[in-house]
Structure formats: C-alpha cells, structure tokens
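Peer 1: Just the structure for this:
(one chain, ligands or ions: 2)
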Amino acid sequence: MDDVKERGDDMSTTGRPIEGKVALVTGAGRGIGRGIALRLARDGADLCLVDLSLDAVAGVSQEVVELGVKATTFAADVSDRDQVFAAVDHAASALGGFDIMVNNAGIALVESVADSTPEQVNKLWAINVNGTLWGIQAAAAKLIELGHGGKIINASSIAGHDGFPMLGVYSASKFAVRALTQAAARELADRQITVNAYCPGVVGTDMWVEIDKRFAALTGAAEGETYDKFVSGIALGRAETPDDVAGFVSYLAGPDSDYMTGQAGLIDGGILFR
Ligand SMILES: NC(=O)C1=CN([C@@H]2O[C@H](COP(=O)(O)OP(=O)(O)OC[C@H]3O[C@@H](n4cnc5c(N)ncnc54)[C@H](O)[C@@H]3O)[C@@H](O)[C@H]2O)C=CC1
Ligand SMILES: CC(=O)C(C)=O
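Peer 2: Residues are numbered from 1 along each chain as shown. Ligands and ions are numbered 1, 2, ... in the order given. So this is what the prediction gives:
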C-alpha cells in the first residue's frame, strides 16, 4: 500500500495544475485548438503551438506568452509522420521537456456515403486518422525516451459515437480515433502514459461555418439553417464554445485525470447520452 499516492500529492502549490509541464497542441492556430492552448497556458503549461504554417500560430503564441508561460511555434502537416515527429522533437528541445500531446488538428467532410470520392476520403483519413496515429507514436516515443509518463489527448467528436448523415466518412474517422485511443491506452498504461479523447458536439468555429455552407450547397438548405438545426438539438440550449471543450481537455491534461485512460468523453451540452 505504500506506493499508493494520495490525491493531491502531485498537485502544484501554485493552483496551476500543470505548472512547468510542456504541452504540444496541433491545429492550435484557431478554433478549438486555440482555446485548448490558452487554457493549458492558464493552467501553467509551456506550449508548443503547431499548425500548417507559422503565420497561423503567431497570434496565439503572443496570447500564450501574455499569460506568463513560454511558447514556441512549429509548422507541420499532421498527415506527414516525419513532420509530426519533428514537431515533438522541437517542443522538447525548445521548452526543455515534454509531457502532454493534444492531437487536435482535423478537417471535416460533408458528403454522402454514396458520393464520397477516393480523393476526399484519402485526404480526410490522412489528417484525422493517420495524423492522430503519428501524434500518438511521436508523443509516446518521446515520453519513453525521457523516462516518464504523460498524457496523450485526441480529438474525436459526437460523430465518433454516432454516424451522422452527410458526415459518414468524417464520423468513421472519429470512430477510428476512439479505437486508436483505446488500443494505445492499453499498450502504454505500463509506461504511465494515459491516452484519452474529447468528443465535442457543435462548436461554433470556422469548421462549422464550412460544414453549414457545404450542407447548404448540397441540400438546398439556407445558410445557417443546418447549424441552427444542430444547435436546436442541444439539451443545454446553446452552441458549444472552444472554452467548453478546453475545460474538459484541461482535466484530461491535469493530475485529476491520472486514473483515467482509454476513454472518449462526450462534452457536447447534451446531444448524445451514453
Ligand atoms: N467544430 C466542431 O463542432 C467540432 C470539432 N471537432 C474536432 O475538433 C478539432 C478542431 O476543430 P475546429 O477547431 O472546429 O476546426 P477548425 O477548422 O476551426 O481549426 C482546425 C485547425 O487545424 C489546422 N489544420 C488542419 N489541417 C491540418 C493539418 N493537416 N496539419 C496541421 N494542422 C491542420 C487548421 O489550419 C486549423 O488551424 C478537429 O479535429 C475537429 O474534427 C470535433 C467535434 C465538433
Ligand atoms: C464537426 C463535428 O464533429 C460535428 C459532428 O459537429
């Protein structure tokens, strides 16, 4: 029983639960990724901000630094395994460690199952599924090299729990993220590396602007109609914000979730009840 730690043993005395930890967030330039980066910075972590270009993360980097922690930026396409490994190496060398990986980058595809083309499917899969896989691999390799545990956190979705019409391939990719999360959690548990996923609902980001426009083009719905319809199905009565998602990711990144692994938690305001 001696090795059983009491709750709070690892908590920082500053009230910032991940003070001094290093976190990398992909797709950090806008939307949910930006929200997560700012929240983890408020929680005390130093941040490596990754997106397709350095320009995309320059503004967020400034915001992170203003919160009193360190920030570094790196341009990487998560569908490219070497670039993801290079991003993790950069985080560790620029910030002096590595503890938390948030595989957030993803794209949407609004297309019927019948009409989805090989080009659309391959592009989506390369980013949403392969990108998450490379992120898990790179983070696990770095944590093992450094000789300590850590947290790997992946972006799934309500669409990772239910297949939505016109979002079938996207849904399949988010189911795949849950599968990778479960398998990696089992494989990495003995290294004290936890692997969990967050499953947002309808978050008012640029991704949803694009989803709504594409629904309008394909179905004849008015612009805004699809978004309003989805939001009207939320029990808590409003669209989700990046901060709503970031609060849950903060929990997954911090010590309070140390005994949780392999889970894909819904944070959707009450769309799905599981
Ligand atoms: N917006 C929503 O309602 C929901 C979003 N999600 C998931 O949350 C994550 C973030 O979504 P949003 O912030 O809404 O998306 P967004 O489209 O607003 O932002 C995505 C960010 O990822 C970056 N990105 C895209 N492809 C990339 C690549 N290949 N390599 C590196 N960076 C790349 C983009 O440049 C952008 O900065 C995605 O995985 C998405 O599938 C899940 C459920 C709901
Ligand atoms: C973008 C997304 O994951 C949904 C289902 O809203």
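Peer 1: C-alpha from now on. contacts and neighbour counts both.
Peer 2: OK.
Peer 1: Wait, Gly29 touches Gln62, no?
Peer 2: No. Here Gly29 does not reach Gln62: they are 11.4 Å apart, not a contact under Cα atoms under 8 Å.
Peer 1: What about His218, how many residues nearby?
Peer 2: No, residue 218 isn't His; it's Leu. Neighbour count of Leu218, defined by other Cα atoms under 10 Å: 13.
Peer 1: Which neighbouring elements make contact with the helix or strand that Ala140 is a member of?
Peer 2: Assessed by DSSP states H and E, Ala140 sits inside helix 131-146. Contacts defined by 3 or more Cα pairs under 8 Å, 6 or more residues apart in numbering; DSSP states H and E place helix 131-146 against helix 81-95, strand 100-103, strand 150-155, helix 168-188.
Peer 1: give me that answer again for 7 Å
Peer 2: Applying 3 or more Cα pairs under 7 Å, 6 or more residues apart in numbering; DSSP states H and E, one finds that helix 131-146 makes contact with helix 81-95, strand 100-103, strand 150-155.
Peer 1: Among these, which comes closest to ligand 1?
Peer 2: Shortest distance between ligand 1 and these, using Cα to the nearest ligand atom, is found for strand 150-155: 4.9 Å.
Peer 1: now check that closest one, is it near ligand 1?
Peer 2: Yes. Judged by Cα under 6 Å from any ligand atom, strand 150-155 comes into contact with ligand 1 at Ala155.
Peer 1: the inter-axis angle of that strand versus helix 168-188?
Peer 2: 170 degrees (axes from the mean of the first three to the mean of the last three Cα atoms, to 10 degrees).
Peer 1: How about the residues of this structure by ligand 1?
Peer 2: Taking Cα under 6 Å from any ligand atom as the measure of proximity, the chain contacts ligand 1 at 26-33, 51-52, 76-79, 104-107, 127, 155-157, 199-203, 205-208.
Peer 1: Tell me the buried residues within those residues.
Peer 2: Buried subset of those (neighbour count, 16 or more other Cα atoms under 10 Å): 26-33, 51-52, 76-79, 104-106, 127, 155-157, 199-203, 207-208.
Peer 1: Which ones among those map onto helices?
Peer 2: Among those, the residues falling in helices (DSSP state H) are 31-33, 207-208.
Peer 1: could you redo these as JSON lines and give each row pLDDT?
Peer 2: JSON lines is the format used below for those (pLDDT from 0 to 100):
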{"residue": "Gly31", "pLDDT": "98"}
{"residue": "Ile32", "pLDDT": "99"}
{"residue": "Gly33", "pLDDT": "99"}
{"residue": "Met207", "pLDDT": "98"}
{"residue": "Trp208", "pLDDT": "98"}
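Peer 1: Dump those into TSV; add distance to Gln182 as well.
Peer 2: Shown next, in TSV, are these (distance: Cα to Cα, whole Å):
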residue	distance to Gln182
Gly31	26
Ile32	22
Gly33	22
Met207	26
Trp208	27
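Peer 1: among the residues you listed, which two are most distant?
Peer 2: Spanning the widest gap among these are Gly33 and Trp208, at 14.2 Å by Cα to Cα.
Peer 1: Would you mind giving me the confidence score for Gly8?
Peer 2: At Gly8, the model reports a pLDDT of 46.
Peer 1: Also Val4?
Peer 2: 50.
Peer 1: cool, and Ile158?
Peer 2: 98.
Peer 1: do you know how far the closest residue to Gly27 other than its chain neighbours is from ligand 2?
Peer 2: By the measure of Cα to Cα, 6 or more residues apart in numbering, the closest residue to Gly27 outside its immediate chain neighbours is Ala105, 4.2 Å from it. Noted for Ala105: a distance of 12 Å to ligand 2, by Cα to the nearest ligand atom, to the nearest Å.
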